[in-house]
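1. when you get a sec, could you give me coordinates for this:
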Amino acid sequence: MFFNVHIKPVLPGLFLTTAVALVAKLAEQAERTLFGHGWIESLVFAILLGVVVRSVFGLSKPFHHGVRFCAKTVLEIAIVLLGASISAQALGQAGFGLIAAIILVVCASLFLSFHIGQALGLSRHLSMLVACGNSICGNSAIAATAPVISAKSDDVAASIAFTAVLGVLFVFVLPLLPAALGLSPSQYGIFAGLTVYAVPQVLAATAPAGALAVQVGTLVKLIRVLMLGPVIFTLALMNGRKSDVRLPIMQMVPWFIIGFVAMMAARSFDFLPDLALEPMRITSSFLTILAMAALGLSVDIRSVMHVGGRVIGAALLSLTVLCGLGLLVLVILT
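-> Numbering: from 1, shown residues only. This is a model prediction of the structure:
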């Protein structure tokens, strides 16, 4: 009876979403094989493939339950597991001045990027998604923020698809900066860590400048990623307080945010066995891809294209602001 009532309706959509996610993984692997780098992440492929499938074939009613389940519940589970990949130990490897600068840059970028989106006519949800993706850690931040602010699938797909392209282009251009501005490897590492969206992209951008740039850039980026927890926690509180009814904090903050913070704490205090970390990371990664495939299958392509130009404009201006903040940090600290 439980299978018929609770699980069976989910299966068609779950199978379809899994198929799209697996094709996305294969597309990324083919990209790495052909070009030597995975410039476009599999979760971006998953969204694009989901949108194509929805646009060409439609989405009949039997698939709806499973797609909604993957877009919401599966994503929430992925966010909890993501906490296990983030350790606060990185804070101990950086000086107080650099840590303070990173926190201020993230906060300033969030504020300015959000208002840039608003000024360009984006909705509050879409503006916040672009701001979080730009300011913290790209697609992962967008995926983690979306359920907290109850963002629509169209907004998530638009923010990830368009900012991902900009992020990839930025990685190609960034290695020209040290020669143009006379930056040392350490300075370039700080700048790359403050401005590049994803950790793998930081590695790709800093590798041409040598080992020191890679190490510094990765450290700065990891500290920046640590801001994801406090930011989504704050957004959850703000979103909960919009209700006219006064709710206790445990009801205002979604369960997966509490789970994320708990997993991060467990990792930081070495409560998680080392053998479990890699399987949890892989599981979180694939569940996120699965959720992005479901979001793509939920998207009306006309809505995404309607806001495309404004999203690109907001992401580009936000990235310009972030670069300006990064250069200001270099002037102050070095």
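
2. max-length helix in this protein?
-> In the chain, taking DSSP state H as the definition, the longest helix is helix 301-333.

3. so where's the stretch 201-334 of the chain shaky on pLDDT?
-> Within the stretch 201-334 of the chain, the stretches with pLDDT under 70 are 240-254, 300-307.

4. does anything pack onto the longest helix of the chain? Which helices or strands?
-> helix 42-57, helix 96-119, helix 124-132, helix 153-173, helix 185-195 (3 or more CB pairs under 8 Å, 6 or more residues apart in numbering; DSSP states H and E). Glycine gets a C-beta too; all of them are placed from N, C-alpha and C.

5. again, only using 7 Å
-> helix 96-119, helix 124-132, helix 153-173, helix 185-195 (3 or more CB pairs under 7 Å, 6 or more residues apart in numbering; DSSP states H and E).

6. how far away from the center of its chain is the first one?
-> Centre-to-centre, helix 96-119 and its host chain are 16 Å apart (CA atoms, centre = their mean, to the nearest Å).

7. angle of it against helix 153-173?
-> If you take axes from the mean of the first three to the mean of the last three CA atoms, to 10 degrees, helix 96-119 sits at 130 degrees to helix 153-173.

8. pLDDT of helix 96-119, averaged?
-> Throughout helix 96-119, pLDDT has a mean value of 92.

9. by contact count, what packs against that helix?
-> Counting contacts by 3+ CB pairs under 7 Å, 6+ apart, helix 96-119 packs against helix 124-132, helix 211-226, helix 301-333.

10. run the angle between the second one and helix 301-333 for me.
-> I take that to be helix 211-226. Using the same axes, to 10 degrees: helix 211-226 against helix 301-333 is 120 degrees.

11. residues contacting residue 176?
-> The contact partners of residue 176, by CB atoms under 7 Å, 6 or more residues apart in numbering, come to none.

12. again, only using 10 Å
-> Residue 176 makes contact with residue 208, according to CB atoms under 10 Å, 6 or more residues apart in numbering.

13. distance of it from residue 273?
-> 43 Å (CB to CB, to the nearest Å).

14. if we can go back for a sec, report the buried residues of the longest helix of the chain.
-> Neighbour-count burial for helix 301-333, counted by 16 or more other CB atoms under 10 Å, picks out 304, 307, 310-319, 321-323, 325-327, 329-330.

15. likewise stretch 11-26?
-> So, applying 16+ other CB under 10 Å, buried residues of stretch 11-26: 12, 13, 14, 16, 17, 18, 20, 21, 22, 23, 24, 25.

16. what does stretch 176-190 give?
-> Neighbour counts over stretch 176-190 (16+ other CB under 10 Å) mark 177, 178, 183, 185, 186, 187, 188, 189, 190 as buried.

17. could you do stretch 258-267 as well?
-> 258, 259, 260, 261, 263, 264, 267.
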